[in-house]
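S.K.: The sequence and its predicted three-dimensional model are supplied below.
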Amino acid sequence: MTIDKSLKVKAGMMRSRNVLTRAERLEKLKAADRWSEGDNILGMPKVRVQKLALKKKKKVKAAEEETTDKKKK
């Protein structure tokens, strides 16, 4: 079954996922030295998903431009 064109999102999934795939979990566990090659795959520990907080752009540039314009006059 296909998704209607009006329901598709052009940029894909913009928000962060809160569930990792098994391969992603293994990568994170290996990086933290919490899993080795011989360990059982069924009893893997949980892995916290880091949410990316996007900072909003400050309006500093607009304020600077206004102050420079006022000084020129």
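M.R.: That came through fine.
S.K.: The protein: helices as residue ranges?
M.R.: Using DSSP state H, the helices found in the chain span residues 22-31, 60-72.
S.K.: what comes up buried for the first one?
M.R.: So that's helix 22-31. Applying a neighbour-count criterion of 16 or more other C-beta atoms under 10 Å, one finds 25, 26, 28, 29 buried in helix 22-31. For every residue, glycine as well, the C-beta is placed using N, CA and C.
S.K.: go on, stretch 32-50?
M.R.: Per 16+ other C-beta under 10 Å, stretch 32-50 contains these buried residues: 35, 47.
S.K.: Let me have the buried residues of helix 22-31 in a markdown table, extended by distance to residue 6 and pLDDT.
M.R.: Below are those laid out as a markdown table (distance: C-beta to C-beta, whole Å; pLDDT from 0 to 100):
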| residue | distance to residue 6 | pLDDT |
| --- | --- | --- |
| 25 | 35 | 92 |
| 26 | 38 | 92 |
| 28 | 37 | 92 |
| 29 | 41 | 93 |
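S.K.: farthest-separated two in these?
M.R.: By the measure C-beta to C-beta, the buried residues of helix 22-31 have their two most distant members at 26 and 28, which lie 7.4 Å apart.
S.K.: Least confident of the helices of the chain, on average?
M.R.: Considering these one by one, the lowest average pLDDT is found for helix 60-72, at a mean of 63.
S.K.: list the contacts for residue 18?
M.R.: residue 49 (C-beta atoms under 8 Å, 6 or more residues apart in numbering).
S.K.: Next, find the distance separating it from residue 25.
M.R.: Distance, residue 18 to residue 25, by C-beta to C-beta, to the nearest Å: 13 Å.
S.K.: now residue 51
M.R.: With distances taken as C-beta to C-beta, residue 51 is found 16 Å from residue 25.
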